[in-house]
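J.: the sequence and its predicted three-dimensional model are supplied below.
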Amino acid sequence: QVQLVESGGGLVQPGGSLRLSCAASGSIFSINAMGWYRQAPGKQRELVAAITSGGSTNYADSVKGRFTISRDNAKNTVYLQMNSLKPEDTAVYYCNASGYCSGYGCYVGDYWGQGTQVTVSS
């Protein structure tokens with residue numbers, strides 16, 4: 001089964017930047033759409049950005065123009081570049097994959113990383 005491991009979270013001041021990474025491990029040939037979600041305390045998990053295997057992207061309105069999602073298919077890794085961070089961006093950020101293919105076959109489903117904390121505060 002695919003395992004997703006996030007990194008890059010931390011504490012940053014308002015207006016600062018962070019880059020999150022999510023690497024998929026296992027005998028993975030390819031991964032379907034990947035995305036970043038976030039969940040703030042007391043709130044539901046929400047989609048931040050998503051990218052298809054072909055590179056098409058979509059973003060939540062709240063992050064358009066500030067965040068950029070990208071992926072490296074050769075490394076089975078997805079990135080989230082976050083600029084002009086605001087206190088309201090504070091949340092646990094989760095990586096998601098909607099399916100993958102390995103030497104054992106292809107699987108469709110929701111696969112999640114463990115999450116990485118992003119805190120925007122002065």
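T.: Okay, I see it.
J.: ok, then the element right after the helix or strand hosting Asn58?
T.: For Asn58, the enclosing helix or strand under DSSP states H and E is strand 57-59. Downstream of strand 57-59, the first helix or strand assigned by DSSP H and E is strand 67-72.
J.: sheet partners, orientation included, of that following strand?
T.: strand 77-82 (antiparallel) (DSSP bridges).
J.: and the strand it pairs with, what's buried?
T.: Buried residues in strand 77-82, counted by 16 or more other CB atoms under 10 Å: Thr77, Val78, Tyr79, Leu80, Met82. Where C-beta positions appear, they are placed from N, C-alpha and C, glycine not excepted.
J.: which residues make contact with it from outside it?
T.: Outside strand 77-82, the residues within contact range by CB atoms under 8 Å, 6 or more residues apart in numbering are 17-24, 34-36, 48-49, 51, 63, 66-72, 89, 93, 95, 118.
J.: what is the most centrally placed residue in the chain paired to in the beta sheet?
T.: Centroid-nearest residue in the chain, with CA atoms, centre = their mean: Trp36, separated by 2.9 Å. On the basis of DSSP bridges, Trp36 is bridged to Ala49, Cys95.
J.: roughly how far apart are it and Cys106?
T.: 23 Å (CB to CB, to the nearest Å).
J.: for this protein, which element, helix or strand, carries the lowest mean pLDDT?
T.: Scoring the helices and strands of the chain by mean pLDDT, DSSP states H and E places strand 28-31 at the bottom, with a mean of 88.
J.: so what does that one touch, helix or strand wise?
T.: Packing partners of strand 28-31 (3 or more CB pairs under 8 Å, 6 or more residues apart in numbering; DSSP states H and E): strand 91-102.
J.: contacting residues around the very next helix or strand once past the strand it packs on?
T.: As assigned by DSSP H and E, the chain's next helix or strand after strand 91-102 is strand 105-112. When contacts are defined by CB under 8 Å, 6+ apart, strand 105-112 is touched by residues Gln1, Val2, Leu4, Asn32, Tyr94, Cys95, Asn96, Ala97, Ser98, Gly99, Tyr100, Cys101.
J.: next, the angle from whichever helix or strand comes after strand 105-112 to strand 91-102.
T.: Once the chain leaves strand 105-112, the next helix or strand it forms, by DSSP H and E, is strand 116-120. With axes from the mean of the first three to the mean of the last three CA atoms, to 10 degrees defining the directions, strand 116-120 sits at 150 degrees from strand 91-102.
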